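In: here is a sequence with its predicted model. Questions after.
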Amino acid sequence: MKEFLELIKKYGATAVLVAWLFHTNIRVASLEAKLYKCLENDKYKENQTKLSEAILPKKISYETESNS
């Protein structure tokens with residue numbers, strides 16, 4: 001922390017900007033990883049649903065429609 005304060009005193013706003021960009025980059029990278037994982041989970045669930053629909057037979061309705 002002391003080193004960070006010395007950098008701010010030496011470089012001023014440029015040091016603050018670099019620190020802010022570094023912090024923001026870390027947060028965005030973390031968010032991207034979470035979003036890609038969520039997307040992979042959604043695709044996996046979608047594929048499982050399609051697979052189960054393809055394997056399971058369709059329900060056959062034995063009810064007859066009445067003509068009114």
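Out: Structure received. Numbers count the residues shown, from 1 in each chain.

In: any idea how far Lys45 is from Val16?
Out: Distance, Val16 to Lys45, by C-beta to C-beta, to the nearest Å: 43 Å. (Each C-beta comes from the backbone N, C-alpha and C, glycine too.)

In: so between those two, which is more surrounded?
Out: Between Val16 and Lys45, counted using other C-beta atoms under 10 Å, the more crowded position is Val16 (13 against 10).

In: contacts for stretch 15-26?
Out: Residues outside stretch 15-26 that contact it (C-beta atoms under 8 Å, 6 or more residues apart in numbering) are 4, 7-8, 11.

In: burial count for Ala19?
Out: 13.

In: now swap in Ile8 and tell me
Out: Residues near Ile8, counting by other C-beta under 10 Å: 14.

In: report the mean confidence score over the helix or strand containing Val16.
Out: Using DSSP states H and E, the secondary-structure element containing Val16 is helix 13-55. For helix 13-55, mean pLDDT rounds to 86.

In: any idea how far it is from the chain center?
Out: Distance, stretch centre to chain centre, for helix 13-55: 3 Å (C-alpha atoms, centre = their mean, to the nearest Å).

In: separation between Glu32 and Leu5?
Out: 31 Å.

In: equivalent analysis for Leu35, please.
Out: On the measure of C-beta to C-beta, Leu35 and Leu5 end up 35 Å apart.

In: for Gln48, same thing?
Out: 53 Å.

In: try Leu31
Out: According to C-beta to C-beta, Leu31 stands 28 Å off from Leu5.
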